[in-house]
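Visitor: need coordinates for the below:
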Amino acid sequence: MTRELPLFPLQTVLFPGGPLDLRIFEPRYVDMVASVLRGDNRFGVVAIRAGSEVGAAETFPVGTSAEIVDWEATGGLLAISTLGRESFRIEDTSRRRDGLYVGRVALLGDLPATPLPAEHAKLATLLRGLLAQLPIYATVATAYEDATWVGARLTEILPFTVPLKQAVLETRDPLERLERIAAGLRTEPARA
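Guide: Numbering: from 1, shown residues only. Have a look, this model is predicted:
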């Protein structure tokens, strides 16, 4: 299924089911949020390959739609809480006069729930300990026995580089995702 989505390039990777809080101050994104709230309540989050969040950006080809679940306007800022929904592949993008990117995207469909293999039980244990320390995940339904869910949540919160997080998002096999994460834990340098 193909649809048009406003795109929000960020230095982060959003996964389906993952929470993301944003502080919006640029007029193009304030307008985007207002439009999204009047419409189907979704926009696309795409990781930046080159460029910046403020100016022009080259993005990776796969992102995730974000649904706004709460918002508040305070002191000239718009604070929104979102939840990742469907992953998509960008087929075409354009940039409007105000700088907002809009993409024609193909939805990729949900990954199936996959039983967590015993050899990756330590990843679920690690995740359980990490999520207990992160208030943003307090309302996220847990599924520690699901390889798809464990892989997504670990990739979101571990200090991996954006290219590694993006590679995991683009991997459509939940067990292969866990292998990438385990390898990343052994090889990725810690980020500050």
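
Visitor: my guess is Pro16 contacts Ala152. True?
Guide: Yes - here Pro16 reaches Ala152: they are 6.8 Å apart, a contact under Cβ atoms under 8 Å. Heads up, the C-betas are built off the backbone N, CA and C, glycines and all.

Visitor: CA atoms only for the lengthiest helix in the chain, dumped as CSV, please.
Guide: For the chain, the helix with the greatest residue count under DSSP state H is helix 174-187. C-alpha atoms of helix 174-187 as CSV (Å, rounded to 0.1, in the frame of the first residue of the first chain):
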residue,chain,number,x,y,z
PRO,A,174,13.4,-10.9,13.7
LEU,A,175,16.0,-13.5,14.4
GLU,A,176,18.6,-11.9,12.1
ARG,A,177,17.9,-8.6,14.0
LEU,A,178,18.8,-10.3,17.3
GLU,A,179,22.0,-11.6,15.7
ARG,A,180,22.9,-8.0,14.6
ILE,A,181,22.2,-6.7,18.0
ALA,A,182,24.3,-9.3,19.7
ALA,A,183,27.1,-8.6,17.3
GLY,A,184,26.7,-4.9,17.9
LEU,A,185,27.0,-5.4,21.6
ARG,A,186,30.4,-7.1,21.0
THR,A,187,31.7,-4.6,18.5
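
Visitor: and that helix, which residues are buried?
Guide: Using 16 or more other Cβ atoms under 10 Å as the test for burial, helix 174-187 gives 174-175, 177-178, 180-182, 184.

Visitor: neighbouring strands for the helix or strand hosting Ser81, and are they parallel or not?
Guide: Assessed by DSSP states H and E, Ser81 sits inside strand 77-95. Here strand 77-95 is paired, per DSSP bridges, with strand 19-24 (antiparallel), strand 62-74 (antiparallel), strand 101-107 (antiparallel).
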